[in-house]
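return a 3D structure for these sequence lines:
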Amino acid sequence: MSRLTLAQANTIIAAALERGAEIGLKPLSVAVLDPGGHLIAFQRQDGASTLRPEIATAKAAGALGLGVSSRTIGEMAADRPSFIGSLGPISPKGVLPAAGGVIIVDGEGLPIGAVGITGDTSDNDEDCALAGIAAAGLTPQE
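Model prediction:
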């Protein structure tokens, strides 16, 4: 299994923030976690609200915890709201059922980390996460 480095995490963040600026998004917050859910790097743009670090981290941590993107967790919540709602108290970094949390995989499809982004619409957050992953030469989970 590959390892996600600090340099790669910083590239992801820089490219995600650049993408957000390109398309005129509200201030973003970006968290990059290792496969165990530990924070590697984080940045919050000027003007981002105070809960954004926790939201970005919960999108990424929830994705890692369930093995699917936070978008998929949101879809699961529509079918099983009690199940998804019960995960918050047992997840140390939270689970947030909205797009913007994307798992990063190695060449064998194994998770090497995740990106969580918040600040604009969930679709835009996810777009920036994917742009950051691509800029670092990494692969998002399909």
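
going forward, measure contacts and count neighbours with C-alpha atoms only.
Will do.

secondary structure class of the residue nearest to the spatial centre of the chain, three-state.
Computing the C-alpha centroid of the chain and ranking residues by CA atoms, centre = their mean puts residue 116 first, at 1.8 Å. When classified by DSSP: H, G, I helix; E, B strand; the rest coil, residue 116 comes out as strand.

which non-adjacent residue is nearest residue 100?
Closest residue to residue 100 apart from its sequence neighbours, by CA to CA, 6 or more residues apart in numbering: residue 126 at 3.9 Å.

residues touching the one you found, list them.
Residues counted as contacts of residue 126 (CA atoms under 8 Å, 6 or more residues apart in numbering) are 99, 100, 101, 102, 117.

could you rerun that using 10 Å?
16, 69-71, 98-102, 115-118, 120, 132 (CA atoms under 10 Å, 6 or more residues apart in numbering).

and the one helix or strand it maps to, what's buried?
Element membership for residue 126 (DSSP states H and E) is helix 122-135. Within helix 122-135, the residues that count as buried by 16 or more other CA atoms under 10 Å are 122, 124-135.

closest to residue 106 out of those?
Distance ranking of the buried residues of helix 122-135 against residue 106, using CA to CA, places residue 133 first at 11.8 Å.

pull the longest helix from this structure.
Among the elements of the chain assigned as helix by DSSP state H, the one spanning the most residues is helix 6-22.

pull the CA atoms of that helix into CSV?
This file holds the C-alpha atoms of helix 6-22, laid out as CSV (Å, rounded to 0.1, in the frame of the first residue of the first chain):
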residue,chain,number,x,y,z
LEU,A,6,2.4,15.7,3.6
ALA,A,7,3.6,17.1,0.3
GLN,A,8,0.8,15.3,-1.5
ALA,A,9,-1.7,16.5,1.1
ASN,A,10,-0.5,20.1,0.7
THR,A,11,-0.8,19.8,-3.1
ILE,A,12,-4.4,18.5,-2.7
ILE,A,13,-5.3,21.5,-0.6
ALA,A,14,-3.6,24.1,-2.8
ALA,A,15,-5.3,22.7,-5.9
ALA,A,16,-8.7,22.4,-4.3
LEU,A,17,-8.5,26.0,-3.1
GLU,A,18,-7.3,27.1,-6.6
ARG,A,19,-10.3,25.3,-8.1
GLY,A,20,-12.6,27.0,-5.7
ALA,A,21,-11.2,30.4,-6.7
GLU,A,22,-11.5,29.6,-10.4
